[in-house]
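S.K.: please work out how this folds:
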Amino acid sequence: MVHGDTMAKREEPKLEARGGEEKKVDEFGTEMYLDSAKALRQVGARVVLAIGAAILIWVVGRWIFIPMAEGLTQQIVGYPLVSIISLIFAVALAIIIFTVFIDIRRLTGSMAGVMAYHFGKATGEVRTEEFKNYRTALDGVLYVIVVSLAYLLFVDYLARIHPAIPAIVLILIVIWSIFALWRSTRAIANIVGKYTSKFADELEKQAGKA
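M.R.: Numbering: from 1, shown residues only. Just a heads-up that it's a prediction; the model follows:
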């Protein structure tokens, strides 16, 4: 699997002439495809299993252990038993979601590499700058989706720990999501700007020849 830092350090293969230079683009793309396939095999199954485990833990906690704890009035260190049980399940879910975040970042790296190769080959060059833009765009969108879905798993447990926690966490998620989506939008704008600039240059050349 190729990480962002490793990809950024690679030499930028450019296609300035048909022939020998084209092999650089083909080799670059082939390596990206191999890395992507390897990531899907290694990480894809882990992501599915982790999500399944998170859902199962939520169901067991929400419908079995939390009702059991609510039927008991004992307190431990001054805290109700239901709050302590909710905290345990929240921590377990947080650990699982964290591993999913790491794996998703590896997957987005591969997806960004493949996209940079496909579109780069069409325009005649493959650059690490393209890879970074695609990865930033994918990371922002996917992370916002994952965090929003994860919040739905956490909200019941957080509310039982303290009623104010879900509201505070939601505010933080909204602020972070706006920033993340803004970065993704800027990355997409950079990508679109490159292609519109090339298109405008081609129009100017054709107008000059006319």
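
S.K.: need phi/psi at residue 162.
M.R.: Backbone torsions for residue 162, taken as degrees, to the nearest 10, come to phi -160, psi 130.

S.K.: distance of it from residue 69?
M.R.: 16 Å (Cβ to Cβ, to the nearest Å). For glycine as for every other residue, the C-beta is placed from the backbone atoms N, C-alpha and C.

S.K.: in terms of neighbours, single out the busier of the two.
M.R.: Between residue 162 and residue 69, residue 69 has the larger neighbour count (other Cβ atoms under 10 Å), namely 18 against 13.

S.K.: just the element for that one, please.
M.R.: Using DSSP states H and E, residue 69 maps to helix 66-70.

S.K.: can you pull the buried residues of that helix?
M.R.: 66, 69 (16 or more other Cβ atoms under 10 Å).

S.K.: show me the helices in this structure, by range?
M.R.: 4-9, 20-39, 45-60, 66-70, 81-123, 128-161, 165-209 (DSSP state H).

S.K.: the inter-axis angle of the fifth one versus helix 128-161?
M.R.: For helix 81-123 against helix 128-161, the angle between stretch directions is 170 degrees (axes from the mean of the first three to the mean of the last three Cα atoms, to 10 degrees).

S.K.: counting contacts, what elements does helix 81-123 pack onto?
M.R.: Packed against helix 81-123, as judged by 3 or more Cβ pairs under 8 Å, 6 or more residues apart in numbering; DSSP states H and E, are the following elements: helix 4-9, helix 20-39, helix 45-60, helix 66-70, helix 128-161, helix 165-209.

S.K.: for residue 74, which non-adjacent residue is closest in space?
M.R.: Among residues not flanking residue 74 along the chain, residue 81 sits closest, at 5.4 Å (Cβ to Cβ, 6 or more residues apart in numbering).

S.K.: who's in contact with that neighbour?
M.R.: 69, 72, 74-75 (Cβ atoms under 8 Å, 6 or more residues apart in numbering).

S.K.: top of these by number of neighbours, please.
M.R.: residue 69 (18 neighbours).

S.K.: next up, the contacts around that one.
M.R.: Residues near residue 69 by Cβ under 8 Å, 6+ apart: 80-82, 84-86.

S.K.: hmm, 6 Å instead?
M.R.: If you count contacts by Cβ atoms under 6 Å, 6 or more residues apart in numbering, residue 69 has them with 81-82, 85.

S.K.: do I have it right that residue 180 meets residue 140?
M.R.: Yes - with contacts counted by Cβ atoms under 6 Å, residue 180 reaches residue 140, the gap being 4.3 Å.
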